[in-house]
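coords below, sequence missing:
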Ligand code: C5P
């Protein structure tokens with residue numbers, strides 16, 4: 001299975017002036033944790049890291065330190081996540097029939113989650129890891145007035161990995177460019193093209209490190225895992 005890791009974002013919501021994935025988490029950069037888990041998954045055989053060229057020296061240092069046995073390629077990202085994944089799809093080896101896409105910022109995903117997504121992708125063309133939402137979700141307008149309360153039993157929080165047939169996902173991304181769609185995950189492009197996307201059970205600990213609080217929670221979870229072993 002080929003894996004693309006979008007890692008070309010900034011650290012704006014983290015309050016950082018550099019790529020948040022380079023911030024330290026228990027002694028190594030956030031991205032190193034993501035790469036370690038991905039590389040430990042049995043099904044992953046190739047990893048493409050999508051980043052901004054300004055970060056490539058740091059990415060190379062991380063890769064040297066991790067000394068991974070699987071091939072890794074650096075790919076130039078774009079100005080949005082959607083553009084970054086588009087570039088990643090162009091850089092995939094031509095013999096890749098399917099692909100998993102996993103945000104670099106989800107550094108707590110376990111190798112088992114990658115393997116379960118890879119296995120499920122043998123039986124469908126599109127899937128995402130997801131978990132049922134715990135909060136009641138409100139739809140709110142620009143005046144901060146609640147417009148709707150969707151039935152919680154139908155609501156799932158989207159995570160990554162997300163997995164797709166490569167030719168279909170390429171088509172969806174091309175359609176997205178042609179139609180000017182702006183989306184925050186790849187499943188949304190599949191959905192807009194009326195293609196089915198399945199949910200695979202995600203992990204409650206598979207959080208996306210976005211703000212400083214997430215970093216503290218991630219540190220706590222990693223420490224608890226170490227104690228567990
Ligand atoms: O900003 P956020 O954490 O939602 O971004 C999700 C993932 O997409 C992150 O891993 C980030 O590095 C990546 N990204 C990207 N290219 C961008 C913006 C975000 O690869 N232009």
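Looks like it came in fine. Keep in mind that what you see is a predicted model, and the values were worked out from it rather than measured.

Residue 201 reaches residue 129, doesn't it?
Yes - assessed by C-beta atoms under 8 Å, residue 201 is found in contact with residue 129 at 7.4 Å. For every residue, glycine as well, the C-beta is placed using N, CA and C.

how close does residue 147 get to the ligand?
24 Å (C-beta to the nearest ligand atom, to the nearest Å).

let me fix that: residue 112
20 Å.

would that residue count as being in a helix?
Yes - using DSSP: H, G, I helix; E, B strand; the rest coil, the assignment for residue 112 is a helix.

can you pull the buried residues of the top strand by length along the chain?
Criterion DSSP state E: the longest strand present in the chain is strand 156-165. When burial is assessed from 16 or more other C-beta atoms under 10 Å, strand 156-165 yields the following buried residues: 157, 158, 159, 160, 161, 162, 163, 164, 165.

so what's the residue nearest in space to the middle of the chain closest to, chain neighbours aside?
Most central residue of the chain, judged by C-alpha distance to the mean C-alpha position with C-alpha atoms, centre = their mean, is residue 103 at 2.2 Å. Nearest non-adjacent residue to residue 103, counting by C-beta to C-beta, 6 or more residues apart in numbering: residue 160, 4.8 Å away.

Mind giving me the packing neighbours of the longest strand of the chain?
strand 98-101, helix 111-120, strand 126-132, helix 186-192 (3 or more C-beta pairs under 8 Å, 6 or more residues apart in numbering; DSSP states H and E).

Can you tell me which of these is packed in deepest?
When the helices and strands packed on strand 156-165 are scored by mean count of other C-beta atoms under 10 Å, the highest mean neighbour count falls to strand 98-101 (a mean of 24).

contacting residues around it?
1-6, 44, 85, 88-89, 92, 114, 117-118, 121, 160-166, 169, 186 (C-beta atoms under 8 Å, 6 or more residues apart in numbering).

Check the gap between the closest residue to residue 31 other than its chain neighbours and residue 209 for me.
Excluding its sequence neighbours, the residue lying closest to residue 31 (C-beta to C-beta, 6+ apart) is residue 21, at 4.1 Å. Separation of residue 21 from residue 209 (C-beta to C-beta, to the nearest Å): 8 Å.

No further queries at this time; thank you.
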